[in-house]
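Q: Sharing a model prediction with you, sequence too.
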Amino acid sequence: MKTAYPFLRPGMTVGLLGGSFDPPHQGHVQISLAALKRFNLDQLWWLVTPGNPLKENPPASMARRMAAARAMMDHPRVRISDIEARLGTRYTAQTLRHLRTTYPHVRFVWLMGADNLAHFHRWKDWRDILNTVPAGVLARPGERISARLSPAARIYGAHRIPAWQSQRLARAEAPAWCFLNVPMVDASSTEIRKRGEWSD
């Protein structure tokens, strides 16, 4: 299992962008590049999940999605990871517990699109996630208002870091979160699949 864990120096800041990546697209690339810069991250990992518990239909094979992600995102500070499949974790909170135990001196930041913040309160142990690692939220098309009015945003409103202070998020003590409006690519994995551009 040690092969699942790459080397990280103590004190590093690492953003974690989880998702099915079914398929990966330029929207994922754009928010990753924005997060690296705006949150002052040393690394960013794409956590390609074996499956999303909130989605009914299973995704394409892990091997296919990993290959597509590596082809899509070629950056020296971005790692494409299948660590959740290796660990056998099904939920984000479980994965974060493993990572924080393995890397006690690394600063992790959970990254998500605004579309995920809109229904984040449906995630298992979602409060544990926000209470243990800072969260960076990046705006996606059509989701800005619903995300800002979501239960998670309201409950944790007092812990929001303004966008102009985004570079301090990674070293802030949780709970802490920051909402960024970034130039958006109107790309969606769902729409790509509907168009038949990503079929088994």
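A: That came in fine, so what should we check first? Numbering: from 1, shown residues only.

Q: so how far is Ala63 from the closest residue to Ser150 other than its chain neighbours?
A: Leaving aside its chain neighbours, Ser150 sits nearest to Ala118 (4.9 Å; criterion: Cβ to Cβ, 6 or more residues apart in numbering). All C-beta spots, glycine's among them, are computed from the backbone N, C-alpha and C. Remark: distance between Ala118 and Ala63 (Cβ to Cβ, to the nearest Å) = 31 Å.

Q: more neighbours, the two?
A: For Ala118 and Ala63, the more surrounded residue by other Cβ atoms under 10 Å is Ala118, and the numbers stand at 22 against 9.

Q: Surely the more buried one and Arg154 touch.
A: No. Using Cβ atoms under 8 Å, Ala118 makes no contact with Arg154, being 11.8 Å away.

Q: hey, C-alpha coordinates of the helix or strand harbouring Gln30 in PDB?
A: For Gln30, the host element (DSSP states H and E) is helix 26-38. Output of helix 26-38 as PDB, limited to C-alpha atoms (Å, rounded to 0.1, in the frame of the first residue of the first chain):
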ATOM      1  CA  GLN A  26     -11.000  21.700 -20.100                       C
ATOM      2  CA  GLY A  27     -13.100  22.900 -17.200                       C
ATOM      3  CA  HIS A  28     -11.200  20.600 -14.800                       C
ATOM      4  CA  VAL A  29      -7.900  21.900 -16.300                       C
ATOM      5  CA  GLN A  30      -8.900  25.500 -15.900                       C
ATOM      6  CA  ILE A  31     -10.000  25.300 -12.300                       C
ATOM      7  CA  SER A  32      -6.900  23.400 -11.400                       C
ATOM      8  CA  LEU A  33      -4.600  26.000 -12.900                       C
ATOM      9  CA  ALA A  34      -6.600  28.700 -11.100                       C
ATOM     10  CA  ALA A  35      -6.400  26.900  -7.800                       C
ATOM     11  CA  LEU A  36      -2.700  26.400  -8.000                       C
ATOM     12  CA  LYS A  37      -2.200  30.100  -8.500                       C
ATOM     13  CA  ARG A  38      -4.900  31.700  -6.400                       C
END
